[in-house]
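>>> Quick check, what structure comes out for this input:
(chains A and B, ligands or ions: 1)
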Amino acid sequence: MDPRIEELRALLGQGTAMPCRPWAHARLDRPQWERLLLLLAADARLELLSLWAEPGVVLCALRHEEEEEFVLFSLACPDGTYPALSPLRPGAVRFERMVRDLWGLVATDAVDLRPWLDHGRWALAAPMAARPARREAPPAPTDAPQPAFLPVEGESLHQIPVGPIHAGIIEPGHFRFTAQGEMVARLEQRLGYVHKGTLGLMIGKPARAAATFAARISGDATVAYSIAYARAVEAALGVAAPTRAVWLRALMAEIERIANHLHDFGFVCNDAAFAFIHARTGLLREGVLRAAATAFGHRLMMDRVLPGGIADDLTLLGPDAIERALAAIEAELPDLIATYENYASLVDRVVGTGAVSAQLVARFAAGGHVGRAASRGFDCRKSPGYAPYDALDFAVPVFAEGDVDARVRVRLAELQESIKLVRAILADLPHGPVLVPLAAAAGEGAAMAESFRGEVFAWVRLDESAILRGAFLRDPSWLQWPLLEAAIEDNIVPDFPLCNKSFNCSYSGVDL
Amino acid sequence: MWRRFARTLIDGPATERAPALPDRAAEELARAIEASARERLGRSLAIRQVDAGSCNGCELEIHMLNSIVYDLERFGLKFVASPKHADVLMVTGPLTRNMHEALLRAYDCTPDPKWVVAVGDCAANGGVFAGSYAVAGGIEAAVPVDLVIRGCPPTPVQLLEGLLALLQAADRPRPKPRQASAPGAI
Ligand code: SF4
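From the prediction side, this is the model:
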């Protein structure tokens, strides 16, 4: 037995066991937390999935890459501080900045403690803390503090500020490029513009009512978010969603994946000035959205997945509509892929552009197409896995190049896997009810669901009346955005839109 | 690709082909927009979209307006990259406090006469996010709104309907350009 695994399990045993399901959760004291840090330093296979807080408590979710162990650790911070994880896990940097902005807990010895979500424009400081502080004079919208960017030194460097409003129909965020001629020396992102205080709105609501907010953390992945949230609530309450509902959730999730992958494929090509593919994928995507509306009553399938099951059963016309949309994709996709592969001008733009190394991807534990384009094959449908995927046969495509092309190829391969999955689900759909009532019981639950971007992680804590007392939803983009900063280095500025589209990270998902 | 092009010669454009067609209502609406765009404006209308805190659901549907299925540009309505080139600001989201200033600036950059369209329940009144410490609860808190298109998110057909209403309203005489308001936070 690997001694380090033994140490991890020993630490789990020594901490106070919290009633979390199905992930083990140990509340540590400070010396134990320090030992956790030593473990993180010693064992690179221990991946940081998420870091968040409750009033006065910091929590983290870890995955042991080889043993497929998923565990939670937490630490009470009576003095408002906790030893930082960021010196050991670069992915922790933004989480620590967010935890300070929302809960007021400060990571000591942190790599970076500049504000992140808090732009100095709210009337409250640390709005999620037990007692948020009122800012004495709430700043006027036009009179907020200027952000501080990291210094860059060198000859003949210039800065290009972009955003928050971008040129296209996309979410807002600020990109600060430092360039030498056309070459990007550094990109620094500043996000937080679409922070809506969603987590704060969820707290204090009944578990089912709060699902509305989970569905709107990132609207493009609304189904995956709703599934992750519902599964966490069900785990906390010890309630099982009916089998038919579980299968229909997967049906919706795969339809969502198909629609989004079509969208992203088209947009990457469009940013390489190749409008033809974009036009065709737009048409195919519209077909999928209409099928979703016919089958589930909403084009994006928002608010269909609820804790306890799903809101409504599949309509009678649904399966045919879905099959027609799939057939249209299958009829055209081979031609589109051949076009993508055979046009030298397009290949020239995407191959070798915006490459991220497998090591970097592993250090950040980035999931989704960003991970799978650079040898990290993690897909939470397989591991830890959840129903009905354990009963379904599908492949998780993995590439090694880590460039724009590889990220496109992951999507193209997944698209085809998802088409197979949709057909398999429709063929074997179990019968029965689709929604069960929720028990009113206290509990804590954690779960993941694979969105088109990667795994969405959800954690909830409920009181005896099944009212939400704690919640966190972690978008896969938390661990992907920083890699975009790395991907663009030593690329030319005009390739940025292409790199950015190939990542297609969520703004709303990480701004919360 | 060439095969696809060749097929198109036989099939006709996707915008009018059966599976790609908007349903009947949308088709009529499309014709109506075309007529009023020509009659009333006699020119094209440039739209700048601003996300003031959306969940990105509204953006996904706005994107579809540009697809060959809805092909917004055939009506003379097109999305532009800069508010300086825009006649219409199409704003989504509950107006997060962190986007307030950016929206004001975009509004100030847009030349008169200009119209503001609030897209989605969030932009209308904050939607489900109303009451949060981080949002103003609808874009009216920052800029005067000429038209609200409700929905969460509104479908492309609803968006087309809204733009038709805007084209009709655009013909009516308007009061002098209004000032954007810059209230203090909360
Ligand atoms: S109206 Fe609905 S879809 Fe649009 S931004 Fe708000 S929550 Fe998202």
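
>>> so A:Ala449 touches A:Ala253, yeah?
Yes. Between A:Ala449 and A:Ala253 there is a contact under CB atoms under 8 Å: 6.9 Å. Yep, even glycine has a C-beta here, placed from its N, CA and C like the rest.

>>> Common neighbours of the two, please.
A:224, A:227 (CB atoms under 8 Å, 6 or more residues apart in numbering or on different chains).

>>> beta partners for A:Thr178?
Here A:Thr178 sits in beta bridges with A:Gln159, A:Arg186, as judged by DSSP bridges.

>>> What number of residues are in the vicinity of it?
Neighbour count of A:Thr178, defined by other CB atoms under 10 Å in any protein chain shown: 19.

>>> residues touching it, list them.
Counted by CB under 8 Å, 6+ apart, A:Thr178 has contacts A:152, A:157-160, A:184-188.

>>> In the chain, where is pLDDT below threshold?
Chain wasn't specified; assuming chain A. Scanning chain A for pLDDT under 70 picks out A:1, A:137-139, A:143.

>>> look at chain B instead
Within chain B, the stretches falling below the threshold (pLDDT under 70) are B:1-5, B:8-43, B:169-186.

>>> In it, mark out all the helices, start to finish.
The residue ranges that make up the helices of chain B, judged by DSSP state H, are B:2-11, B:24-36, B:57-65, B:100-109, B:120-125, B:156-170.

>>> before we move on, back to that, which among the contacts of A:Thr178 gets closest to chain B?
Taking CB to the nearest CB as the measure, chain B sits nearest to A:Ile160 out of the contacts of A:Thr178, at 15.5 Å.

>>> quick one: that closest one and B:Val128, what's the gap?
36 Å (CB to CB, to the nearest Å).

>>> out of these two, which sits in the busier spot?
Ranked by neighbour count (other CB under 10 Å), A:Ile160 and B:Val128 place B:Val128 first, with 18 against 13.

>>> Might one say that the more buried one is in contact with A:Leu201?
Yes. Contact criterion CB under 8 Å: B:Val128 and A:Leu201 qualify, at 7.5 Å.

>>> Now do the shared contacts for the two.
Applying CB under 8 Å, 6+ apart, one finds that B:Val128 and A:Leu201 are jointly contacted by A:Phe213.

>>> Could you give the residue of chain B that lies closest to chain A?
Nearest to chain A, among the residues of chain B, is B:Gly57, at 2.7 Å (CB to the nearest CB).

>>> who's in contact with that residue?
Residues near B:Gly57 by CB under 8 Å, 6+ apart: A:216, A:219-220, A:222, A:300, A:302, B:120, B:152-153.

>>> same thing but at 7 Å, please
Contacts for B:Gly57 (CB atoms under 7 Å, 6 or more residues apart in numbering or on different chains) come out as A:219, A:222, A:300, A:302, B:153.

>>> Tell me the one of those residues nearest the ligand?
Set against the ligand, the nearest of the contacts of B:Gly57 by CB to the nearest ligand atom is B:Pro153 (3.6 Å).

>>> touching chain B at all, stretch A:277-289?
Yes. Interface with chain B: stretch A:277-289 contributes A:279, A:282-283, A:286-287 (CB under 7 Å from any CB of the partner chain).

>>> which among those gets closest to chain B?
Nearest to chain B out of these is A:Gly282 (CB to the nearest CB; 3.4 Å).

>>> The closest one - that's part of a helix, no?
Yes. Residue assignment for A:Gly282, taken from DSSP: H, G, I helix; E, B strand; the rest coil, places it within a helix.

>>> burial of it, as a residue count?
By other CB under 10 Å, neighbour count at A:Gly282 equals 26.

>>> again with B:Thr155
19.

>>> thought it was touching A:Gly297?
No. Between B:Thr155 and A:Gly297 there is no contact, the gap being 11.9 Å when judged by CB atoms under 7 Å.

>>> ok and the top strand by length along chain B relative to helix B:57-65, angle-wise?
Across chain B, the longest stretch assigned as strand under DSSP state E is strand B:45-51. In terms of direction (axes from the mean of the first three to the mean of the last three CA atoms, to 10 degrees), strand B:45-51 departs from helix B:57-65 by 150 degrees.

>>> Mind giving me the packing neighbours of strand B:45-51?
Contact partners of strand B:45-51 among helices and strands, from 3 or more CB pairs under 7 Å, 6 or more residues apart in numbering or on different chains; DSSP states H and E: strand B:77-79, strand B:88-92, helix B:100-109.

>>> for the ones you listed, which one sits closest to the ligand?
The ligand sits nearest to strand B:88-92 of all the helices and strands packed on strand B:45-51, at 5.3 Å, using CB to the nearest ligand atom.

>>> Would you confirm that A:Arg257 contacts A:Phe452?
Yes. If you go by CB under 7 Å, A:Arg257 and A:Phe452 touch, sitting 4.5 Å apart.

>>> which residue sits closest to A:Asp43 in space, ignoring its chain neighbours?
In space, and not counting its chain neighbours, A:Asp43 is closest to A:Arg4: 4.6 Å by CB to CB, 6 or more residues apart in numbering or on different chains.

>>> Just read off the phi/psi values of the one you found.
In this entry, A:Arg4 is assigned phi and psi values of phi -70, psi -40 (degrees, to the nearest 10).

>>> Name the nearest residue to whichever residue of the stretch 101-250 of chain A sits closest to chain B, ignoring sequence neighbours.
Shortest the stretch 101-250 of chain A-to-chain B distance, computed as CB to the nearest CB: residue-wise this is A:Gly219, at 2.7 Å. The spatial neighbour of A:Gly219 that comes closest, neighbours along the chain excluded (CB to CB, 6+ apart), is B:Gly57 at 2.7 Å.

>>> What's the separation between the one you found and B:Val128?
Between B:Gly57 and B:Val128 the distance, using CB to CB, works out to 11 Å.

>>> Equivalent analysis for A:Cys60, please.
In this structure, A:Cys60 and B:Val128 are 29 Å apart, going by CB to CB.

>>> Give me every residue in chain B that's in contact range of the ligand.
Taking CB under 6 Å from any ligand atom as the criterion, the neighbours of the ligand within chain B are B:54-55, B:57-58, B:92-93, B:120-122, B:127, B:152-153.

>>> And for the closest residue to A:Pro494 other than its chain neighbours, the neighbour number?
Taking CB to CB, 6+ apart, and ignoring the residues beside it in sequence, A:Pro494 has A:Glu182 as its nearest neighbour in space, at 7.3 Å. Other residues near A:Glu182 come to 10 when the count uses other CB under 10 Å.

>>> Check whether A:Glu182 really touches A:Ile492, as I assumed.
Yes. Distance between A:Glu182 and A:Ile492: 4.4 Å, which falls inside the contact criterion (CB under 7 Å).

>>> picking that back up, give me whichever of the helices and strands packed on strand B:45-51 is most buried.
Each of the helices and strands packed on strand B:45-51 was given a mean neighbour count from mean count of other CB atoms under 10 Å in any protein chain shown, and the largest, a mean of 27, is that of strand B:88-92.

>>> Could you list every helix and strand that that strand packs against?
Contacts of strand B:88-92 with other secondary structure elements, assessed using 3+ CB pairs under 7 Å, 6+ apart, are made with strand B:45-51, helix B:57-65, helix B:100-109, strand B:115-119, helix B:120-125.

>>> Tell me who's in contact with residue 127.
As the question left the chain open, I've gone with chain A. If a contact means CB under 7 Å, 6+ apart, then A:Pro127 has A:102, A:197, A:200, B:133 as its contacts.

>>> try chain B instead
Residues in contact with B:Gly127 (CB under 7 Å, 6+ apart) are B:94, B:120-121, B:152.

>>> do the same with B:Met64
A:286, B:70, B:156.
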